[in-house]
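Peer 1: sequence and predicted model, in that order:
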Amino acid sequence: MNDFFMVTAFIGLAAAFLARLMNPRTGRLVFWTATGVTCISVFLMAYPPNWSSGLLMSVGIGCAITVAAYVNTEFIVIGGKTYSLLAELSREDDYGGGLTAGKAWWLTTLGVAMAILIGVTYFMKSSWEWAPAAAAIVIVLAALSIGYRDAVMEKPVAAGQRLQFGLVSVLTIGAFTIAYLGAYQASKRSLVKRQAHGRHQR
Amino acid sequence: MTLPASQRDSGANSQQAGMSPEGAAAATGSMAQGVIPKELVEAASAAGKPITGGKEAFNYFAQSLPTGEHWKPEITTFSASDVEVLKKVGGNLGFAGNLVDVGVGLYEWRTGTPAGEVLAKTGGSMGGAAGLGALGAYLGTPGGPVGVFAGAFIFGTVGAIGGEETGEAVYKWLAGS
């Protein structure tokens, strides 16, 4: 491998980070230039002679940096529209955590999937038999918390995010759904009762 | 201590902003041969996880703070600029953590780990931190903003570590080794 290009790849990574500390307009230009430098450098580390490993690593690192930018910055602008996980929201769109309902539910889906995968991995790899149980507890507690929150915010079930809700249900063989709906209905009922007594409590 | 002229020159070169290609190659060459201790790379990799977890914590914490007058007057509210500062800290931490992860992966690839394995680990770590960070924030909600911070931090970090292990396991399973 070519070590000169390894140095330029690291310089590119450092510049990509520094771009976040600059003003947005300059930062965006520096970020994308630095990302380009990094990707090309990574390819040239392996090529010549190994173009396939170089290409795989170059594209993979490019994707990783882009995802990091989507999650943490507002550098991704296509056709005047900014793509960012935590884009500015109006108050009605804010579903908590500075996210829209759709994004929040996709993150929940990702979290549930990763919790299951991590639980299975530790079970298989380190034969830690409590790992799947720990994952299940985390998922069920999260479902209770989300169900309560949706009821308090007077949102429909799963805030109308049916695709994500369905995916999570399938992944957890219904456990998430039961916990969520249980907390949702119970919270709703107790809220109605409280209002009937004319008490407004937070 | 007096150094031979040639060594003094190369030392001066590497301290300047522009490293010569030969000097740079020598530096990383020695790094690959273990002159830069493996422990340092492992430390960077280990530090990346709580950094990413901390990012989740700062973001969800910032968003969970009470702002504006729709809250009861006796509750201390935070100005919009307080929240902005916290979110900025979170974003910086997260971005740094992710890029450190990418850098560590690059080093592992350079020292012989297959590209697919490195990418599976990096992807697993990022996905685990984001996903479990979100679940952790929900788990901490009953504890108020502090609970949200702790939940997102702990589970974000667990997700980053566990996600990396999972990525590696999935890759090895797919590659059949």
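Peer 2: Arrived safely, thanks for sending.
Peer 1: next, the contact list for residue B:113, please.
Peer 2: By C-beta atoms under 8 Å, 6 or more residues apart in numbering or on different chains, no residues touch residue B:113. C-betas here are computed from N, CA, C, even on glycine.
Peer 1: export stretch B:168-176 to PDB, keeping only CA atoms.
Peer 2: Provided in PDB are the C-alpha atoms of stretch B:168-176 (Å, rounded to 0.1, in the frame of the first residue of the first chain):
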ATOM      1  CA  GLU B 168     -17.600  -8.000  12.700                       C
ATOM      2  CA  ALA B 169     -19.600 -11.100  13.600                       C
ATOM      3  CA  VAL B 170     -21.900 -10.600  10.600                       C
ATOM      4  CA  TYR B 171     -19.000 -10.100   8.300                       C
ATOM      5  CA  LYS B 172     -17.200 -13.200   9.500                       C
ATOM      6  CA  TRP B 173     -20.400 -15.200   9.200                       C
ATOM      7  CA  LEU B 174     -20.900 -14.000   5.600                       C
ATOM      8  CA  ALA B 175     -17.300 -14.500   4.700                       C
ATOM      9  CA  GLY B 176     -17.500 -18.000   6.200                       C
END
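Peer 1: for it, buried residues please.
Peer 2: By neighbour count on 16 or more other C-beta atoms under 10 Å in any protein chain shown, the buried set for stretch B:168-176 is B:168-171.
Peer 1: which secondary element of the chain has the worst mean pLDDT?
Peer 2: Unless you meant another one, I'm taking chain A. Lowest on mean pLDDT, DSSP states H and E among the helices and strands of chain A sits strand A:81-82, with a mean of 82.
Peer 1: oops, chain B please
Peer 2: Per-SSE averages on chain B (mean pLDDT, DSSP H and E): minimum helix B:5-15, a mean of 42.
Peer 1: how many residues are close by residue A:143?
Peer 2: When neighbours are counted by other C-beta atoms under 10 Å in any protein chain shown, residue A:143 registers 26.
Peer 1: just the helices from chain B, written as ranges.
Peer 2: In chain B, the segments counted as helices under DSSP state H are B:5-15, B:21-32, B:38-64, B:80-110, B:115-140, B:144-175.
Peer 1: select, out of those helices, the one closest to residue A:6.
Peer 2: Judged by C-beta to C-beta, the one of the helices of chain B that comes nearest to residue A:6 is helix B:21-32, at 5.0 Å.
Peer 1: now do the SS call for the most centrally placed residue in chain A.
Peer 2: In chain A, the centroid-proximal residue (C-alpha atoms, centre = their mean) is residue A:107; its distance is 4.5 Å. The local conformation at residue A:107, judged by DSSP: H, G, I helix; E, B strand; the rest coil, is helix.
Peer 1: ok, it - contacts?
Peer 2: Neighbour list for residue A:107: A:99, B:130-131, B:134 [criterion: C-beta under 8 Å, 6+ apart].
Peer 1: for ChimeraX, what selects the buried ones among those residues?
Peer 2: What follows is the ChimeraX syntax for the buried subset of the contacts of residue A:107, where burial is set by 16+ other C-beta under 10 Å:
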select /A:99 /B:130,131,134
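Peer 1: can the contacts of residue A:107 go into JSON lines with extra columns for pLDDT?
Peer 2: Shown next, in JSON lines, are the contacts of residue A:107 (pLDDT from 0 to 100):
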{"residue": "A:99", "pLDDT": "81"}
{"residue": "B:130", "pLDDT": "90"}
{"residue": "B:131", "pLDDT": "92"}
{"residue": "B:134", "pLDDT": "89"}
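Peer 1: out of the contacts of residue A:107, which is nearest to residue B:86?
Peer 2: residue A:99 (15.7 Å).
Peer 1: what values do phi and psi take at that closest one?
Peer 2: Note on residue A:99: backbone dihedrals following degrees, to the nearest 10 are phi -120, psi 150.
Peer 1: I'd say it and residue A:84 touch.
Peer 2: No - counting by C-beta atoms under 8 Å, residue A:99 stays clear of residue A:84, with 10.9 Å between them.
Peer 1: and the strands in chain A?
Peer 2: A:77-78, A:81-82 (DSSP state E).
Peer 1: which of those strands sits closest to residue A:114?
Peer 2: strand A:81-82 (26.6 Å).
Peer 1: mind listing the strands the closest one pairs with, and their directions?
Peer 2: Here strand A:81-82 has these sheet partners by DSSP bridges: strand A:77-78 (antiparallel).
Peer 1: okay, now the domains of chain A?
Peer 2: As given by automatic domain parsing, the domain ranges for chain A are A:3-82, A:101-196.
Peer 1: center of chain B - which residue?
Peer 2: Nearest to chain B centroid, counting by C-alpha atoms, centre = their mean: residue B:97, 1.9 Å.
Peer 1: got the contact list for that one?
Peer 2: B:48-49, B:51-52, B:54-55, B:129, B:160.
Peer 1: quick one, helices of chain A?
Peer 2: Under DSSP H, chain A gives helices at A:3-18, A:24-46, A:51-72, A:101-125, A:131-152, A:162-171, A:175-196.
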